[in-house]
Structure formats: structure tokens, C-alpha cells
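> 3D, please:
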Amino acid sequence: MSNPSEAEQGLVKRTESVASFEHQVTLLSRIQHALHSNPALVPLIVLVLSVIVFGALLGGKFFSSFAMTLILQQVAIVGIVGAAQSLVILTAGIDLSVGAIMVLSSVIMGQFTFKLGMPPAVAIACGLVVGTFIGFINGWLIARVKLPPFIVTLGIWQIALASNFLYSGNETIRAQEIETLAPLLQFFGKSFTLGGAVFTYGVIFFILLVLVLAYVLRHTAWGRHVYAVGDDPDAAELSGVNTKRILISVYMLSGLICAFAGWVLIGRIGSVSPTSGQSANIESITAVVIGGISLFGGRGSILGMFFGALIVGVFSLGLRLLGADAQWTYLLIGVLIIGAVAVDQWIRKVSA
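So this is what the prediction gives:
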């Protein structure tokens with residue numbers, strides 16, 4: 001047999017180089033696959049590292065049961081609204097009205113109780129219905145009329161906010177009145193002790209909500225359809241998914257969750273204030289993005305949002321205990337937001 005020619009030898013070398021390159025891509029793909037299959041992995045790692053760093057700097061002051069449960073109490077409302085925001089963003093949408101729905105629902109619960117003389121349970125039910133109805137309007141305009149989610153929810157945010165101030169007359173119902181005449185409105189603010197840690201019913205509701213939504217999104221047909229609509233609505237439509245119905249149901253559920261957040265808000269601050277919770281829109285999006293849920297839809301998990309909300313709480317409390325200026329919290333959270341989006345883009349480029 002004749003020896004290989006120089007051209008054949010060159011071809012072999014190039015083939016070996018390609019094989020080596022493919023091996024490198026495979027290793028990178030494994031990392032990408034791990035992050036893609038477990039979207040809550042990155043925020044969980046960041047959360048653990050944050051706790052370790054602040055724990056090393058602050059010692060027992062940070063690891064006390066009081067500090068740990070205080071973090072949960074501080075992020076409960078943002079986390080509940082973040083859960084609503086997560087559902088919407090998974091469909092490749094966005095809801096700028098979540099904070100306004102929350103506050104308007106809380107105002108309706110309070111005003112219907114004290115102005116109209118309704119039983120607190122009925123007033124609370126009315127607040128939940130109103131939140132759900134506003135969510136339906138959002139979903140109907142987006143799914144049926146085909147308006148952009150950003151524009152629709154921006155408009156609904158302004159309408160709900162204006163309705164809130166017009167109806168309440170910018171009047172705050174004081175905590176003492178609620179505690180005396182309608183303690184049910186403050187239900188989620190009540191606390192109990194467990195192993196030296198103090199939990200509020202609002203925190204328990206937040207944790208249960210995350211667990212229920214995580215199960216529903218992962219193990220039900222509706223949950224799989226939510227991901228399908230966010231990933232590729234045209235393909236979902238062709239496969240038999242009623243995308244319009246899914247979108248409307250998502251925004252309705254988002255509105256209902258925000259109304260519950262309004263009830264929790266009353267328990268948290270003790271009063272019914274039309275000016276409370278104004279930053280919930282940005283804070284909920286922050287928790288969602290840091291939690292690894294893709295703004296392009298179709299990828300992420302509620303557990304990731306849970307970890308994202310806790311990261312914000314850990315940074316806020318840790319820096320406060322260190323005596324740092326509050327602006328450092330915004331700076332570091334801003335870095336985390338950009339980093340989270342960069343990781344999401346990197347995963348998408350590798351998978352492509």
C-alpha cells in the first residue's frame with residue numbers, strides 16, 4: 001500500500017482539530033444544558049454565596065432566626081407579586097399593572113368595609129374579584145385585540161392607579177380602626193413562633209403559593225401550555241393549544257394573585273393606604289430577572305423567582321446590618337440584573 005499523500009495527511013489533521021473543537025463545544029453544551037434544564041440553579045448559587053459572604057462578615061447577627069425570618073417577611077409581598085409577574089413573563093409578556101392592581105384591591109377591601117359597611121369577608125371577596133377582572137381586561141386586550149402587553153398593562157396601570165386615588169380620596173384607613181372593627185383585613189399580618197423563629201401568615205401564603213405554582217407549571221397540561229405559548233406561540237397554536245385562552249387565563253390568575261398581595265399588604269403595614277406598594281412593578285420584575293426567568297418567555301421557574309426575591313432581601317438586610325449606604329443595595333442589585341440577563345443571552349447563544 002502507498003503512503004498517504006500530503007493532502008490526505010492534512011485532511012486527517014484538520015479532522016482531528018474539528019473533533020477536538022467539537023469536544024470543547026460538548027463540554028460547554030453540558031454547562032448550558034444544566035442551566036437550561038435547571039433554571040433555578042444560577043439564582044440558588046448566588047443566594048448561597050450571598051448568605052455565606054454576609055454570614056462571614058456579620059456572624060451570628062446575620063444567622064439569627066430573627067434575621068432569617070425578617071428577610072422572608074420583607075420579601076413576601078414582592079415575592080407574591082413576582083409570582084404573578086413570572087406567569088406573565090413566561091408567556092413572553094410583561095405586566096406593568098401588578099402593583100396598581102395590588103393597591104387598588106387593598107383599597108377596595110378597606111373602603112367597602114368602612115364606607116359601604118360590608119362584612120370584611122365580602123369586601124375581601126370583592127377586592128379579589130376586581131383584581132381578577134382587571135387581569136381579564138389585560139388578557140382580553142392582549143389575546144383578542146392583539147395589542148402589545150407593554151402598552152396594555154402600562155395603560156391599565158395608569159387607569160388602576162387613578163381609580164385608586166379617585167375612589168379612596170387619598171384617604172388612609174388607620175391600623176387602629178382596622179384592628180378594632182375588621183381584624184380579618186389584617187389576617188396575613190398575624191404571626192406565630194416556630195422553633196424561635198417568628199413567621200407571619202403572609203410568609204406562609206407566599207411559600208405555599210410558590211410551591212403550588214411550581215407544581216402546576218411542571219406537572220399539569222395548563223403549565224406546559226404556558227411554557228409552549230411563551231416559547232413559540234405559532235407552534236403551540238398548530239399543536240392544538242388555545243393560545244388566546246391560555247393568555248387570558250394567565251393574566252386573570254396574575255390579577256387574582258396581585259389582589260391577594262393587596263390583602264397581604266394590609267396585614268404587613270396594618271393600614272389601608274392608597275400610596276403604598278408603588279414600587280412593586282419594578283421590584284417584581286427585578287425578582288423575576290434575577291431568578292433566571294427569561295424575558296423572552298418559555299424558560300424559567302417560579303422557584304428561581306423565589307430565590308431571586310430572597311437574594312434582594314439578603315442584600316438589603318446584609319448591607320443594612322453592615323451600616324452601608326442604601327444606594328449600595330441598588331448598585332449591587334443593578335449589577336445582578338445585568339448579569340442575569342447576560343447569562344440568559346449566553347445560554348441562548350450556546351443552545352443555538
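> tell me which residues touch the spatially most central residue of the chain, please.
For the chain, the residue sitting closest to the mean C-alpha position, by C-alpha atoms, centre = their mean, is Gly82 at 2.4 Å. For Gly82, the set of contacting residues under the criterion of C-beta atoms under 8 Å, 6 or more residues apart in numbering consists of 283-284, 287-288, 291, 305, 308-309. All C-beta atoms are positioned from the backbone trio N, CA, C, and that covers glycine.
> what do you get for Glu171?
If you count contacts by C-beta under 8 Å, 6+ apart, Glu171 has them with Pro274.
> what strand or helix carries it?
Taking DSSP states H and E as the definition, Glu171 sits outside all helices and strands.
> what's the pLDDT at it?
You'll see Glu171 listed with a pLDDT of 89.
> phi and psi next, for it.
phi -100, psi 130 (degrees, to the nearest 10).
> in a markdown table: the contacts of Gly82, plus secondary structure and distance to Ile178.
Output for the contacts of Gly82, formatted as a markdown table (DSSP: H, G, I helix; E, B strand; the rest coil; distance: C-beta to C-beta, whole Å):
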| residue | secondary structure | distance to Ile178 |
| --- | --- | --- |
| Glu283 | helix | 24 |
| Ser284 | helix | 25 |
| Ala287 | helix | 28 |
| Val288 | helix | 31 |
| Gly291 | coil | 33 |
| Met305 | helix | 30 |
| Gly308 | helix | 32 |
| Ala309 | helix | 26 |
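> now tabulate the residues you listed in a markdown table and tack on neighbour count.
Compiled in a markdown table, these are given as follows (neighbours: other C-beta atoms under 10 Å):
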| residue | neighbour count |
| --- | --- |
| Glu283 | 22 |
| Ser284 | 32 |
| Ala287 | 30 |
| Val288 | 30 |
| Gly291 | 31 |
| Met305 | 32 |
| Gly308 | 34 |
| Ala309 | 33 |
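> got the buried residues for stretch 154-173?
Of the residues in stretch 154-173, those buried under the neighbour-count criterion (16 or more other C-beta atoms under 10 Å) are 154-157, 160-161, 163-164, 168, 171-173.
> average pLDDT across stretch 44-56?
Stretch 44-56 carries an average pLDDT of 88.
> got the buried residues for it?
Applying a neighbour-count criterion of 16+ other C-beta under 10 Å, one finds 44, 46-47, 50-51, 54-55 buried in stretch 44-56.
> again, but for stretch 63-80
Judged by neighbour count (16+ other C-beta under 10 Å), stretch 63-80 contains these buried residues: 67, 69, 71-80.
> cool, stretch 265-278 as well?
265-274, 276-277.
> please save the CA atoms from it in CSV.
Listed next in CSV are the C-alpha coordinates belonging to stretch 265-278 (Å, rounded to 0.1, in the frame of the first residue of the first chain):
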residue,chain,number,x,y,z
LEU,A,265,-50.1,44.2,52.2
ILE,A,266,-52.8,45.3,54.6
GLY,A,267,-51.6,42.8,57.1
ARG,A,268,-47.9,43.8,56.6
ILE,A,269,-48.4,47.6,57.1
GLY,A,270,-51.5,47.3,59.3
SER,A,271,-53.4,50.0,57.4
VAL,A,272,-55.0,50.6,54.0
SER,A,273,-53.0,53.2,52.2
PRO,A,274,-53.5,54.2,48.5
THR,A,275,-49.9,55.3,48.3
SER,A,276,-48.3,52.0,49.5
GLY,A,277,-46.6,49.5,47.2
GLN,A,278,-45.9,51.9,44.4
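> who are the contact partners of the nearest residue to Ser254 once chain neighbours are set aside?
Beyond its immediate neighbours in the sequence, the residue positioned closest to Ser254 (C-beta to C-beta, 6 or more residues apart in numbering) is Ala84, lying 4.0 Å away. Applying C-beta under 8 Å, 6+ apart to Ala84 gives the contacts 95, 98, 253-255, 257-258, 261, 284.
> wait, a strand at Ala84?
No. According to DSSP: H, G, I helix; E, B strand; the rest coil, Ala84 belongs to no strand; its state is helix.
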